[in-house]
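**Student:** Just the structure for this:
(one chain, ligands or ions: 1)
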Amino acid sequence: MGTPDSTSTPFWGPDFASLQHADPEIAEVVSGELAGQREGLRLIAGENFASSAVLAALGSTLANKYAEGYPGRRHHGGCAQADRAEELAARRARELFGADHANVQPHSGSAANLAAYAAVLVPGDTILAMSLPHGGHLTHGSRVNYSGRWFDTVAYGVREGDERIDYEQVEALALAHRPRLIVCGATAYPRLVDFAAFRQIADRVGAYLLVDAAHIVGLVAGQAVPSPVPYADIVTGTTHKVLRGPPGGMILCRAALAERIDRAVYPFTQGGPHMHAVAAKAVALREAATPAYRAYTRQVIANAHTLTQGLQAEGMRAVSGGTDTHLALLDLRGIGVSGHDAERRCERAGITLNRNAVPFDPVKPTIASGIRVGTAAVTTQGMTEGDLKEIAVLIGRAVREDDDATARGVRAAVAELVSTHPAYPRG
Ligand SMILES: Cc1ncc(COP(=O)(O)O)c(C=O)c1O
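**Tutor:** Predicted coordinates for the structure are as follows:
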């Protein structure tokens, strides 16, 4: 830690030398992670590079503050600055998304979904949500998650022919099962979701509509894709991923549900908010309201198009034929490589991405027939279409050829590419 001197330096900021001194092992971890983020290509769809302003708020002494409750209604003393941080974050979220109400306290996307369910459901209620193997999230009713254990879950999926959401199936299942809540929004679905269609189906059966916008909320903030806010009763999201904030969650809702959502977050599912994260969310939301961020989100999608086309040219099949967002799913069966092997080979070559099941996947998810890629992080680094074309070729080489020489060659090309677009430039 640096010297606390409130007159000349009001910020007691992270000081790497003190970490090296106090805990050399964790200092090594931290510097190793930074080196990895600088030297490799990060194509995990939910990852990004937060700004130094966001990281400064995260590393601030707000981490020391307990602030159970809400601004003006806390259960701890000394919350003036915490109140300010939370009011700023919530107001920025409301303004950015045009929402009646925002709760910025959820510790994660999963915690936001838990609170959303708690606001409108009781255990045993029926929810209709996208199946995990077709792109849904664990919290959408998977049996290994609280959502599948506590609620009676009915799953919809994509059509086998075009791998798009089957809205006729969604409607038929809604009419047959009369869910109390319908969930849309996904983890591995590259296409836009038709929120108006979901709203109509929810209205037909008197269900609430929850849009889990974890993946796309940053694109919505940048106005690069349509907003779910006018259609949904509740929108949940993560503040990391494309939104480029700290790890965390957020809930937007209609005024009529505001009180229920707030009580579902605190005291029902959480205790004290992580005030350093809330402050960092405020910073990210301010950044996301700028023209530069809007241009960034458009570039993220343009880059995802180019990457997908490039990977198709490498013999990989784009699930649903392409992408409308920041992510794409590629089926590798045509080139005879599993998702598991592709992930491992890319990692060896300095490219981080993840294996992913494709719809109707015949192999188990730990092996998987596909990979998922996203362009949020490389776009933050300043990469554009020309770079993404090159990345597609490098992935093609790394995936097809399983040998050390190829891995070394690709790694060298990756190093060259990131040296012109560094994440966290030195100096
Ligand atoms: C659609 C969706 N919802 C919720 C989450 C959960 O977010 P977290 O990992 O912050 O709990 C994710 C994470 O990837 C997601 O993709």
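**Student:** any idea how far V229 is from the residue of the stretch 51-200 of the chain found nearest the ligand?
**Tutor:** Distances between the stretch 51-200 of the chain and the ligand by CB to the nearest ligand atom are smallest at G109, namely 2.4 Å. Backbone N, C-alpha and C define where each C-beta goes, glycine included. The gap separating G109 from V229 is 17 Å, by CB to CB, to the nearest Å.
**Student:** More neighbours: which of those two?
**Tutor:** G109 (27 against 18; other CB atoms under 10 Å).
**Student:** give me every residue that touches the more buried one.
**Tutor:** 137, 139, 212, 214, 236-238, 249 (CB atoms under 8 Å, 6 or more residues apart in numbering).
**Student:** Narrow those to those that are buried.
**Tutor:** With burial judged by 16 or more other CB atoms under 10 Å, the buried subset of the contacts of G109 is 137, 139, 212, 214, 236-238, 249.
**Student:** Just name the closest of the residues you listed to E160, please.
**Tutor:** Nearest to E160, judged by CB to CB, of the buried ones among the contacts of G109 is H137 at 21.5 Å.
**Student:** Which residue comes closest to the closest one once chain neighbours are left out?
**Tutor:** T187 (4.6 Å; CB to CB, 6 or more residues apart in numbering).
**Student:** element containing the one you found, please.
**Tutor:** Using DSSP states H and E, T187 sits within no helix or strand.
**Student:** In space, what's closest to K65 - neighbours in sequence excluded?
**Tutor:** Going by CB to CB, 6+ apart, K65 has M275 as its nearest residue, at 4.7 Å.
**Student:** any idea how far that neighbour lies from the ligand?
**Tutor:** To the ligand, M275 is 18 Å away according to CB to the nearest ligand atom, to the nearest Å.
**Student:** from what I can see that residue touches L58, true?
**Tutor:** No: between M275 and L58 there is no contact under CB atoms under 8 Å: 10.6 Å.
**Student:** Of these two, which one has the most company?
**Tutor:** Using other CB under 10 Å, the more surrounded residue of M275 and L58 is M275, with 25 against 22.
**Student:** Show the average pLDDT along stretch 132-143.
**Tutor:** Mean pLDDT, computed over stretch 132-143, is 95.
**Student:** what's it in contact with?
**Tutor:** 109-110, 113-114, 127, 129-131, 144-149, 151, 153-158, 183, 185-189, 212, 214, 329, 357, 359-361, 365.
**Student:** residues in contact with L388?
**Tutor:** So L388 contacts 303, 306-307, 310, 375, 378 (CB under 8 Å, 6+ apart).
**Student:** now, the most widely separated pair of those residues?
**Tutor:** G310 and V378 (12.8 Å).
**Student:** where do the contact lists of the two overlap?
**Tutor:** 388, 391.
**Student:** before we move on, back to that, dump the contacts of L388 to CSV, plus distance to F97 and neighbour count.
**Tutor:** Shown next, in CSV, are these (distance: CB to CB, whole Å; neighbours: other CB atoms under 10 Å):
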residue, distance to F97, neighbour count
N303, 24, 23
T306, 28, 20
L307, 27, 29
G310, 33, 20
T375, 22, 30
V378, 25, 28
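**Student:** where in this protein is pLDDT low?
**Tutor:** Of all residues in the chain, those with pLDDT under 70 make up the ranges 1-10.
**Student:** Quick check: bridge partners of L330?
**Tutor:** Assessed by DSSP bridges, L330 has beta-bridge partners A318, I371.
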